[in-house]
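S.K.: generate coordinates for the sequence data below:
(one chain, ligands or ions: 2)
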Amino acid sequence: MIKILSAQQIRALDAYTIQHEPISSIDLMERACRAFVGWFTERFDETQKVAIVCGTGNNGGDGLGIARLLKMWGYPVSVLLIRGGTDTEDFKTNLERLKGKVEVIEIASTDSDLFSRYDIVIDAIFGSGLSRPAEGIQAAIIQQMNQADVIRIAVDIPSGLQTDKLSQGEIFKADFTISFQLPKLAFFLPANHASVGEWCLVDIGLSKAFIKEISSSHFYLTSKYIRRILKPRSKFDHKGTYGHALLIAGSYGKIGAAVLSGRALLHAGVGLLTLHIPQCGYSIVQTSLIEAMVDVDAHEHFLTTLPSLDKYTTVGVGPGLGQDALTIKAFGKLLEDFRKPMVIDADGLNILSANRELLRTVSPGSILTPHPKEFERLVGKWSDDFDRLEKQKALAKQLKSVVVLKGAYTSIASPDGMVYFNSTGNPGMATGGTGDVLTGILTGLLAQGYSSVDAAVTGVYLHGLAGDLAAREKGMISLIASDVIDFLPAAFKKAMA
Ligand SMILES: NC(=O)C1=CN([C@@H]2O[C@H](COP(=O)(O)OP(=O)(O)OC[C@H]3O[C@@H](n4cnc5c(N)ncnc54)[C@H](OP(=O)(O)O)[C@@H]3O)[C@@H](O)[C@H]2O)[C@H](O)CC1
Ligand SMILES: [K+]
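M.R.: Ligands and ions are numbered 1, 2, ... in the order given. Prediction:
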């Protein structure tokens, strides 16, 4: 997985690389400029008229170097320079190198058609050195860039966006952000999507030894990391090796949630599956999930009783459960009696929110899978995405469990304060039942003996990967939860290849 470092750590990484490679800072900047231009020239041809808006720090220095290289590549490029703040040495060097090659226009005020003659605007005003909201002429120019009818590309991080803190004021709204070597925490927070756009990393050869050594509590999941976790099967394995899961789900009119979750659970590789459902679901489940055993509740419509629990490796509970008073009672008894890690989702989470005394009976090592609304019921309102992240970490610590907060970059908080951001999935998955599918996958992995954190990161990754494979085949609009299950085998194969 890829470490997500703070602005301060990135500066330390810079300095370490310069010192130990060794490489001069201007040559490291040149490497960054080349990496950016490599990305750019693959996507845009020389007919594009380019404006590069530069500040006077190293982000601006990057912009000047990029201008020189693009000019060499034959692009019609101009530099718009905003003075203010100290000129860094590398900025000055690159300004010197630009003389006589590229037009540099110093701008001290905005006028409405500043960008009307360009096709692409590259933002190199501020990078990871931003320490306060953009103001004055910088803020006005950023606003002007955002209003122009151009393609907007940010160098390293959109100007005005803080790397790892709450951002305020004008922020550049990039269509693309080309970031050096490592992603920034800001990229994973929902509120920043409009500013970051589609981001990608370019390698500028920063010290791998330093990155290995430095500690971080935020990570970005990669296929390589997931591959290392997934365990291949061995010849002498048998059904028992892969656990016996109990799935408690479904109520009258919502038996589908139990079927979706059960199907996903089976495809996640569990050895045996028993579904506990109300009587109204008996023939539906026996017909649609022939590989699963069924244990029927005493009630016709919803959960009121529990089977004996000791033969089950793990329990998944919540999809389509409902919140009848008798269900709440049975759920409370489940938490009391089943003292092993379990997966709690949907109405299981809503029952916890409405009966907070039950929170202390959640078995340590469990996995909770709220979407933002369920999360708000659990922890209350948050002021911004950073506050939400802190609440997620705090809940994971309080329950000694893993909290999976579903969304564009689903985040997985472990009890020890680590947070993993998922790298798969797509908006086509915002459709009924995909949460039930995730619950099934997580329960299936937990039943096979994966640790709660490994089951959560792997399950979330595979769930999103299956959704990506399904979207590639069927498009995002028509994608439904069953498609995610259908592509789960391909996701496992791809992740283990
Ligand atoms: N390893 C790498 O990732 C490399 C990154 N490079 C590039 O370097 C920038 C970071 O450059 P830096 O000089 O640290 O800072 P910025 O260019 O982002 O900002 C310039 C200065 O602006 C001042 N500042 C901060 N906030 C504001 C504000 N709101 N208004 C006005 N001025 C502001 C601040 O100085 P102060 O003393 O005023 O705090 C900044 O120093 C990184 O993003 C990359 O693009 C290297 O090129 C190669 C390696
Ligand atoms: K920038």
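S.K.: and the closest residue to residue 127 other than its chain neighbours, how many neighbours?
M.R.: Nearest residue to residue 127, sequence neighbours excluded (Cβ to Cβ, 6 or more residues apart in numbering): residue 59, at 3.1 Å. Every C-beta, even on glycine, is put in place using the N, C-alpha and C of the backbone. Residue 59 has 26 neighbouring residues, counting by other Cβ atoms under 10 Å.
S.K.: before we move on, what about residue 255?
M.R.: Neighbours of residue 255 under the rule other Cβ under 10 Å: 22.
S.K.: got the contact list for the nearest residue to it once chain neighbours are set aside?
M.R.: Excluding its sequence neighbours, the residue lying closest to residue 255 (Cβ to Cβ, 6+ apart) is residue 281, at 3.9 Å. Neighbour list for residue 281: 250, 255, 258 [criterion: Cβ atoms under 8 Å, 6 or more residues apart in numbering].
S.K.: need those in a markdown table (columns: distance to residue 488, secondary structure and pLDDT).
M.R.: Converted to a markdown table, the contacts of residue 281 look like this (distance: Cβ to Cβ, whole Å; DSSP: H, G, I helix; E, B strand; the rest coil; pLDDT from 0 to 100):
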| residue | distance to residue 488 | secondary structure | pLDDT |
| --- | --- | --- | --- |
| 250 | 20 | coil | 98 |
| 255 | 21 | helix | 98 |
| 258 | 17 | helix | 98 |
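S.K.: now do the residue nearest to residue 127 against residue 463, distance only.
M.R.: Here the criterion is Cβ to Cβ, to the nearest Å. By it, residue 59 lies 37 Å from residue 463.
S.K.: likewise for residue 414?
M.R.: Residue 414 sits 18 Å away from residue 463, going by Cβ to Cβ.
S.K.: more neighbours: which of these two?
M.R.: residue 463 (31 against 21).
S.K.: quick check: which element contains the more buried one?
M.R.: helix 452-474 (DSSP states H and E).
S.K.: how about residue 154, secondary structure?
M.R.: Look at residue 154: counting by DSSP: H, G, I helix; E, B strand; the rest coil, its state is strand.
S.K.: tally of neighbours for it?
M.R.: 31.
S.K.: quick check: beta-bridge partners of it?
M.R.: residue 123, residue 177 (DSSP bridges).
S.K.: what sits against it?
M.R.: Applying Cβ under 8 Å, 6+ apart to residue 154 gives the contacts 122-123, 172, 174, 176-178, 196-197.
S.K.: show me the domain layout of the chain.
M.R.: If you go by automatic domain parsing, the domain ranges for the chain are 2-215, 223-496.
S.K.: is the first one positioned near ligand 1?
M.R.: Yes - for a cut-off given as Cβ under 6 Å from any ligand atom, domain 2-215 has contacts with ligand 1, namely 10, 14, 28-29, 32, 55, 57-62, 85, 88, 126-135, 138, 155-157, 180, 206.
S.K.: quick one: end-to-end distance for that domain.
M.R.: Domain 2-215 has an end-to-end distance of 12 Å (Cα to Cα, to the nearest Å).
S.K.: got it, and the longest one?
M.R.: The straight-line separation of the ends of domain 223-496 (Cα to Cα) is 9 Å.
S.K.: hmm, back to that, the following helix or strand past the helix holding residue 463 packs against which elements?
M.R.: Using DSSP H and E, the helix or strand that follows helix 452-474 in sequence is helix 481-486. Counting contacts by 3 or more Cβ pairs under 8 Å, 6 or more residues apart in numbering; DSSP states H and E, helix 481-486 packs against helix 255-267, helix 434-447, helix 452-474.
S.K.: and the longest one, which residues are buried?
M.R.: Within helix 452-474, the residues that qualify as buried by neighbour count (16 or more other Cβ atoms under 10 Å) are 452-471.
S.K.: any idea whether the residue nearest the centre of the chain is helix, strand or coil?
M.R.: Of all residues in the chain, the one closest to the mean position by Cα atoms, centre = their mean is residue 409, 2.3 Å from it. For residue 409, the assignment made with three-state DSSP gives coil.
S.K.: mean confidence for stretch 398-407?
M.R.: The average pLDDT for stretch 398-407 rounds to 97.
S.K.: pull out the CA atoms of that stretch and give them to me as CSV.
M.R.: The C-alpha coordinates for stretch 398-407 follow below in CSV (Å, rounded to 0.1, in the frame of the first residue of the first chain):
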residue,chain,number,x,y,z
GLN,A,398,-13.9,2.7,21.5
LEU,A,399,-15.3,-0.5,20.1
LYS,A,400,-11.9,-2.1,19.5
SER,A,401,-13.3,-2.9,16.1
VAL,A,402,-12.9,-2.0,12.5
VAL,A,403,-15.1,0.8,11.1
VAL,A,404,-15.7,0.8,7.4
LEU,A,405,-17.1,4.1,6.2
LYS,A,406,-18.5,3.6,2.7
GLY,A,407,-18.3,6.2,0.1
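S.K.: what are the buried residues along that stretch?
M.R.: Buried-residue list, stretch 398-407, by 16+ other Cβ under 10 Å: 399-407.
S.K.: next one: stretch 314-329
M.R.: Of all the residues in stretch 314-329, those buried under the rule 16+ other Cβ under 10 Å are 314-322, 324, 326-328.
S.K.: list the ones among these that fall in strands.
M.R.: If you go by DSSP state E, these have 314-317 in strands.
S.K.: closest point of the stretch 301-450 of the chain to ligand 2, which residue?
M.R.: With Cβ to the ion as the measure, residue 385 is the residue of the stretch 301-450 of the chain nearest to ligand 2, at 20.1 Å.
S.K.: can you pull the contacts of the nearest residue to that residue once chain neighbours are set aside?
M.R.: Distance criterion Cβ to Cβ, 6+ apart; nearest residue to residue 385, sequence neighbours excluded, is residue 189 at 3.7 Å. Contact analysis of residue 189 by Cβ under 8 Å, 6+ apart lists 385-386, 389.
S.K.: tell me the pLDDT at residue 189?
M.R.: pLDDT for residue 189: 96.
S.K.: swap in residue 232?
M.R.: Per-residue pLDDT puts residue 232 at 89.
S.K.: same check on residue 37?
M.R.: At residue 37, pLDDT is 98.
S.K.: what sits against it?
M.R.: 66, 69-70, 73.
S.K.: show me which of those residues are buried.
M.R.: Buried subset of these (neighbour count, 16+ other Cβ under 10 Å): 66, 69-70.
S.K.: which one of these sits closest to residue 343?
M.R.: The closest of the buried ones among the contacts of residue 37 to residue 343 turns out to be residue 66 (Cβ to Cβ; 47.8 Å).
S.K.: please name the nearest non-neighbouring residue to that closest one.
M.R.: residue 33 (4.9 Å).
S.K.: I'd say residue 183 and residue 196 touch.
M.R.: No - judged on Cβ atoms under 8 Å, residue 183 makes no contact with residue 196 at a distance of 9.6 Å.
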